Structures are given as C-alpha cells and as structure tokens.
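Q: I need the structure of the sequence given here:
(one chain, ligands or ions: 1)
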Amino acid sequence: MRTDFQHLLISQDNSVLTITMNRPEVLNAFNDTMLGELNEAIEAAAQDDTVRCIVITGAGRGFGSGQDLKALAAVRSTTETGKVSEHLQKYHRLINAIRHMPKPVIAAVHGVAAGISCNLALACDMRIAADDARFIEAFARIGLVPDGGGGYFLPRLVGFGKALELAMLADEVSGPEAERIGLVNKCVPLTEFESATKTFAQRLAHGPTHTYGLIKELMNKSLESDLLSSLRLEGELQDIAFETADHREGVAAFLQKRPARFTGR
Ligand code: LHQ
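A: Below you'll find the model as predicted:
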C-alpha cells in the first residue's frame, strides 16, 4: 500500500500495520487532507492480505484533538459552506470502513483524544490507553453534539447514564478511569505503552483472521438485532468458520497438545 502520505506515517511489522496520524503541532487535529488520507489507508488495509491487524495512533504528545477548528473557522469565514452534515460524511465513510474491516482494528491512545478523535477511537474494535490518556467528549464545550459515531458507541461502551454525563459535562476521563468504566480495554503505564500495544497487536495478528472478521460481523449485527436473528446469523457464520483452515489447525493443535499456528485463512 502507498506510504507517502502528507499527514500519516505508515509502518508494517510482520502482519501489524500501524497508521500514525501526524500533525503533532495541533495534537493531530483533522484537516481534510489527513481525513482523506486516513480513509484511503484504512480502505487499502482492508484489501491487503499481508495485514492482519491495524493499529491507529497519534504522533507527538497525543492521539488527536478532533476536527481542526482553525481550518474549520478559516473555511467558514471565506466561503459559502454547505451543511456540516455533508462534511461529516467523510468521517462516516471512515467509521463504516473500520466497523466492516474484516480484521481487528485497535486504537492506541496516549495523551489527549478529544472530539471526533475520541470517537474515532471508540469506533475501533478495541482500545489500549497509556495512563496519561485524556478522553474528552469535547463537543458540548463548543455547543455541538457528539459526532463521528459517539452517539452510537458511547452508550454501548459505558452505559446510557455515563454516556450522557460524558457528553453533557465534557469532562476529561483519564486512562485509568477509562479502563474502570469500560471505555478502553486496558490502560498501561506510559513507559510500557509502546511494548504493550505491540504485544496486543501481534497477538491479534497471529489469530484466526478470517474468523475474527466473522466475529466482528456477529457482534456488529447483535447491537441491532433480536435473539432469534442473532442465533440465525451465528449459525450462518459458524458454517463459514467451520470450513476455514484455521479451524482445522486449531483442532489439530489441541489434539496434538501444541500451540496453533494460524494463517488467517
Ligand atoms: C488545535 C486543536 C484543534 C486546531 C488543539 N484544532 N488546533 C465538529 C465540526 C465539524 C465536523 C467534524 O466534527 C466536529 C467535531 C469536533 O471534533 S469539534 C473539535 C473538538 N475538539 C475540541 O474542541 C478540542 C480543542 N482543543 C482543546 O480543547 C485543547 O487543545 C486540548 C484539550 C485538546 C488539549 O489541550 P492542551 O494539552 O492544553 O494543548 P493546547 O491547547 O496548548 O494545544 C496545542 C496546540 O494544538 C495549540 O496550538 P498553538 O499554536 O496555540 O500552540 C492548539 O491551538 C492546537 N489545537 N486542538 N481541535
């Protein structure tokens, strides 16, 4: 895949692709270029069979500070802008691509994750945080509603009442507190953040990737379906998983009392 982006750093370590948002002078705020590039990189990663796990993170001292408010103000003052919902569609494309990515996507968050950057992290499959992380649903601070899927993911992760509190008060949530309330999967000391992220991602990258895609489909759909529909889908997906090489390998490894060597197929 292309690696010469203006505002993204791309690196691949075995099957783990790391995409680093790289506008550290503004805490990785999203301008149109970075948003377009992230869409392109995520969509390319979905097609690339050498990639079996994706990590999204930020350069410098934070994960991201949301929409670039200076760029937004500049556009507003000089041109006749359309509705903001039209602009949001570019973020919606990104969130959809992450949710339908047939392999795990991890957000690795250190420092600030505010506004739509916070909600980008929530749209990922799992989140690892450093203990210096600061999650801020900053929208209400500037009179906006949570966008970028926040209204969907936040109550599902932390529960309805806590979601309303975070969205209305827009207070910072630290890394340890984020772990306590289920906003992130785990929080580690900043000194261990890089190695813990690597270990986590490599473990996922060595899993049964095809089946992971099916697991995502099952969980995604369960959020909107009833028990009977979920049980029906479970059967359909298990029929597919049952035919994978990784299923055969997993059973063989168990019978031979050895670790499984999954190939992702
Ligand atoms: C920034 C930003 C930033 C530009 C820090 N933009 N420069 C809305 C509308 C349309 C469509 C899409 O979605 C949205 C939703 C959104 O995401 S709205 C934006 C939500 N984000 C915010 O409201 C966060 C604004 N930033 C802050 O409150 C603080 O900067 C935080 C709490 C993120 C970090 O505080 P500090 O650690 O004290 O850093 P800082 O404030 O000194 O920021 C460092 C630099 O980054 C600074 O630049 P400067 O030239 O003054 O050193 C900031 O201006 C710049 N920066 N966020 N969103």
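
Q: Mind listing what's buried along stretch 217-237?
A: E217, L218, S230, L233, L237 (16 or more other Cβ atoms under 10 Å). C-beta here means a position set from N, CA and C on the backbone, and glycine is covered the same way.

Q: same question but for stretch 181-192, I mixed them up
A: L183, V184, C187, V188.

Q: Excluding chain neighbours, what is closest to the last one?
A: Excluding its sequence neighbours, the residue lying closest to V188 (Cβ to Cβ, 6 or more residues apart in numbering) is A196, at 4.4 Å.

Q: Quick check: G62 vs the ligand, distance?
A: Between G62 and the ligand the computed distance is 7 Å (Cβ to the nearest ligand atom, to the nearest Å).

Q: what pairs with that residue across the strands?
A: V112 (DSSP bridges).

Q: contacting residues around it?
A: Contact analysis of G62 by Cβ atoms under 8 Å, 6 or more residues apart in numbering lists P24, L27, N28, H110, G111, V112, A113, R134.

Q: likewise I142?
A: If you count contacts by Cβ under 8 Å, 6+ apart, then I142 has L69 around it.

Q: how far away is the residue in the stretch 101-250 of the chain positioned nearest to the ligand from P189?
A: Proximity of the stretch 101-250 of the chain to the ligand (Cβ to the nearest ligand atom) peaks at G115, 2.5 Å away. Relative to P189, G115 is positioned 26 Å away (Cβ to Cβ, to the nearest Å).

Q: where does the stretch 101-250 of the chain come near the ligand, residue by residue?
A: V112, A114, G115, I116, I136, A138, F139, R141, I142, L144, D147 (Cβ under 6 Å from any ligand atom).

Q: three-state assignment of G213?
A: Recorded secondary structure, G213: helix (DSSP: H, G, I helix; E, B strand; the rest coil).

Q: That one: what's it in contact with?
A: M101, P102, K103.

Q: go on, T263?
A: A245, D246, E249 are the contacts of T263 under Cβ under 8 Å, 6+ apart.

Q: List just the nearest of the residues you listed to E179.
A: Nearest to E179 among those, counting by Cβ to Cβ, is D246 at 30.1 Å.

Q: pretty sure the closest one belongs to a helix, no?
A: Yes - assigned with three-state DSSP, D246 falls within a helix.

Q: Setting aside sequence neighbours, what's the nearest residue to it?
A: P208 (3.6 Å).

Q: Mark which of the contacts of T263 are buried, thanks.
A: Buried among the contacts of T263 (16+ other Cβ under 10 Å): D246, E249.
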